[in-house]
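Visitor: How does the following fold in three dimensions:
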Amino acid sequence: MVPASVEAMRAGGKRALAAALAAIETAAGTVELARFLDEACRAARGATLGLTGPPGVGKSTLTNALVAAWRRAGDTVGVIAVDPSSRRTGGALLGDRARISTDPSDRGVFVRSMAARDRLGGLSDQTVAAMVVMRAVFDRVLVESVGIGQSEADVAMVADTVVLCIQPGSGDSLQFMKAGVMELPDVIVVTKADMGAPAQRAKADVEGALTLAARESGGWTAPVVLASSATGEGLGALAEALAAHRTWLDAGRLAARRAAQERLWVEEALRTRFGTAGLALAAGQDAPPGTGAFDREHILAGRLKDRLA
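Guide: Residues are numbered from 1 along each chain as shown. The predicted structure follows:
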């Protein structure tokens with residue numbers, strides 16, 4: 001059942017939040033869900049961080065460290081861990097969630113696993129809506145993507161700050177430079193800094209790759225941070241880098257970034273449901289002024305279904 005309002009969901013605690021997240025699938029395509037999600041979008045209270053990188057780089061371990069630090073600081077935290085999918089059931093394998101250690105009695109943290117299924121962008125089809133719901137409840141929302149390759153960039157559609165993780169000795173920086181992934185992150189973390197010289201070399205490689213990345217950043221240069229979740233080394237520097245990027249966004253840039261993301265949500269949703277031909281049919285059409293992204297998608301999807309019937 002779709003919650004009556006964002007305030008009702010907030011007042012209902014974890015149980016109401018879980019019900020709202022379930023409604024994303026059970027009430028998909030309904031005007032009630034679209035309008036609830038638009039209300040949640042307008043009621044955003046939290047900062048969103050997207051954590052991405054190849055398999056085995058240490059994303060879940062870093063997620064653990066970040067969640068613990070934020071809770072010590074008194075921030076409430078929502079985590080969306082996008083897992084690989086079971087070939088048998090299509091559900092999340094729960095590998096990431098099993099590695100994220102939280103206290104079940106802590107009302108200030110909530111972890112949700114989502115299956116990537118057949119989507120190639122590093123997220124699941126429901127990640128955008130889940131992020132919007134969590135962002136209306138928590139001070140911080142962390143979206144951990146499934147391990148990425150050379151084409152996955154969806155995390156940039158849901159995050160205020162994108163963090164790319166790279167591990168020493170893997171050659172990831174060269175692969176990402178070739179794939180253009182270096183245009184995406186706002187902060188880059190070289191994990192496993194306790195490895196010493198290999199970590200320093202990886203940092204130098206990444207900094208060199210960044211000089212070749214043609215990114216329209218509006219004046220922001222992605223810092224490269226060495227960090228080790230095992231020893232705690234560099235986690236303070238990472239916190240400073242994240243805070244600096246948030247300050248940069250708060251200087252009039254955050255609203256523009258989120259508005260651009262909302263436009264991408266509508267385009268991607270229509271492309272997923274109707275393909276590029278359907279998206280082309282929707283070009284030049286729009287919903288009434290002031291319509292939220294989710295209601296706009298609902299209206300345009302209805303028109304396309306009529307036209308394609």
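Visitor: Let's verify Gly78: helix, strand, or coil?
Guide: Secondary structure, DSSP: H, G, I helix; E, B strand; the rest coil: Gly78 is strand.
Visitor: Which helix or strand contains the closest residue to it other than its chain neighbours?
Guide: Nearest non-adjacent residue to Gly78, counting by Cβ to Cβ, 6 or more residues apart in numbering: Met134, 3.5 Å away. Any C-beta I mention is one placed from the backbone N, CA and C, and that applies to glycine too. Assigned by DSSP states H and E, Met134 falls within helix 127-135.
Visitor: Can you spell out which helices and strands pack onto that helix?
Guide: Contacts defined by 3 or more Cβ pairs under 8 Å, 6 or more residues apart in numbering; DSSP states H and E place helix 127-135 against helix 13-26, helix 31-42, strand 77-83, strand 109-115, strand 140-144.
Visitor: at 10 Å instead, please
Guide: helix 13-26, helix 31-42, strand 47-52, strand 77-83, strand 109-115, strand 140-144, helix 254-282, helix 293-308 (3 or more Cβ pairs under 10 Å, 6 or more residues apart in numbering; DSSP states H and E).
Visitor: As JSON lines, these with mean neighbour count and distance to Arg201 would be great.
Guide: What follows is the helices and strands packed on helix 127-135, written out as JSON lines (neighbours: other Cβ atoms under 10 Å; distance: least, Cβ to Cβ, whole Å):
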{"stretch": "helix 13-26", "mean neighbour count": "16", "distance to Arg201": "42"}
{"stretch": "helix 31-42", "mean neighbour count": "20", "distance to Arg201": "43"}
{"stretch": "strand 47-52", "mean neighbour count": "25", "distance to Arg201": "22"}
{"stretch": "strand 77-83", "mean neighbour count": "26", "distance to Arg201": "30"}
{"stretch": "strand 109-115", "mean neighbour count": "21", "distance to Arg201": "34"}
{"stretch": "strand 140-144", "mean neighbour count": "28", "distance to Arg201": "26"}
{"stretch": "helix 254-282", "mean neighbour count": "16", "distance to Arg201": "33"}
{"stretch": "helix 293-308", "mean neighbour count": "18", "distance to Arg201": "43"}
